[in-house]
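Novice: Have a look at this prediction, sequence included:
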Amino acid sequence: MQPRTAMAPLKRSIIKTLVGQFGHPRGLAGRAVGWVMAHRSSNRRRNLWIAALLDVRPTDRILEVGFGPGIAIAELSRRIGSAGHLYGVDHSEVMLRQASRRNAAAIMAGRVTLTCASVADLPATLNGPFDVIYAVNSLGHWPDPAERLRELGGRLVPGGRMALVSQPRTPGATAQTSLKVAREIQDLLESVGLRHEKTDTLGLDPPVVCVLAARPAAEPA
């Protein structure tokens, strides 16, 4: 049996690998991580919460960036009508497969379109315009988030809403950590020209924050 001190680096390496999988699930380990994201109580509560918080209309065109296993997509697809449409983009092929299976009926019905692509290189089919764009715990994985938010903001209709959800996962994270993250997200959204509307909190441990902003309405002619 290897000494405990010799096992420590291996344990840290395994943990680091698994944590990396949450940002970009790949292969067999990615499939396992996707299952965890789909079934862990806190993940489900977080995604169902944002789906209710967005208060979408039946005609809305909605985009989720980083849909993961597709929990929020499934909930929102039940809230929009046939005149609306729900789009999702994720850079993981594993998540695309899992989310597509979970939302197969809505995809067949023409209410949902899921795409595998990077937020830094969105296909022309996702040019919008969208009434709502949202992301759940994916902002921290984006390259140059300010530039990405500027691009996404340009895909909103005037008055369209952007919602960014975050639950800090750093060791020792507290309610104060969540509040700090919310302020940073608000500053980021305002720096790209979006108007902060409100910040909501879900009482998990640590708390989940949702910062909601809007593209300013067009000036009257």
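Specialist: Perfect, thanks for sending it.

Novice: Please, where are all the strands along the chain?
Specialist: Counting by DSSP state E, the chain has strands at residues 61-65, 85-90, 112-116, 130-136, 156-166, 195-202, 208-214.

Novice: dump the residue contacts of Thr125.
Specialist: 87, 113, 115 (Cβ atoms under 8 Å, 6 or more residues apart in numbering). No exception for glycine: its C-beta is placed from N, CA and C like everyone else's.

Novice: oh, I was asking about Lys198
Specialist: Neighbouring residues of Lys198 by Cβ under 8 Å, 6+ apart: Leu212.

Novice: hang on, the earlier thing: I'd like to know which of the contacts of Thr125 is nearest to Leu189.
Specialist: Nearest to Leu189 among the contacts of Thr125 is Tyr87, at 20.4 Å by Cβ to Cβ.

Novice: Just give the number of residues close to Pro129.
Specialist: Counted with other Cβ atoms under 10 Å, residues neighbouring Pro129 total 13.

Novice: Likewise for Ala135?
Specialist: Residues near Ala135, counting by other Cβ under 10 Å, number 27.

Novice: and it, bridged to which residues?
Specialist: Leu164 (DSSP bridges).

Novice: Contact partners for it?
Specialist: 64-66, 163-165.

Novice: do that again at 6 Å, thanks
Specialist: Neighbouring residues of Ala135 by Cβ atoms under 6 Å, 6 or more residues apart in numbering: 65-66, 164.

Novice: Switch the contacts of Thr125 over to CSV; also include distance to Arg148.
Specialist: CSV is the format used below for the contacts of Thr125 (distance: Cβ to Cβ, whole Å):
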residue, distance to Arg148
Tyr87, 16
Thr113, 20
Thr115, 16
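
Novice: Can you tell me which of those residues is nearest Asp187?
Specialist: Lowest distance from Asp187 to the contacts of Thr125 (Cβ to Cβ) belongs to Tyr87, with 27.2 Å.

Novice: Was I right to think that closest one contacts Leu63?
Specialist: Yes - contact criterion Cβ atoms under 6 Å: Tyr87 and Leu63 qualify, at 4.7 Å.

Novice: which of those two has more neighbours?
Specialist: When Tyr87 and Leu63 are compared for neighbours, Leu63 comes out ahead with 26 against 20, by other Cβ under 10 Å.

Novice: give me every residue that touches the more buried one.
Specialist: Residues near Leu63 by Cβ under 6 Å, 6+ apart: 87, 130, 133.

Novice: Leu53 now?
Specialist: Taking Cβ under 6 Å, 6+ apart as the criterion, Leu53 is in contact with Cys210.

Novice: ok, now Leu48?
Specialist: Neighbour list for Leu48: Glu75 [criterion: Cβ under 6 Å, 6+ apart].

Novice: average pLDDT for stretch 112-119?
Specialist: Stretch 112-119 shows a mean pLDDT of 94.

Novice: Show me where the chain dips below the pLDDT cut-off.
Specialist: Along the chain, segments meeting pLDDT under 70 span 1-41, 219-221.

Novice: go with 50
Specialist: 1, 6-7, 10-19, 21, 34-35, 220-221 (pLDDT under 50).

Novice: all helices in it, in order from the N-terminus.
Specialist: Taking DSSP state H to define them, one finds helices in the chain at 4-23, 27-39, 41-53, 71-77, 93-102, 104-108, 145-153, 175-191.
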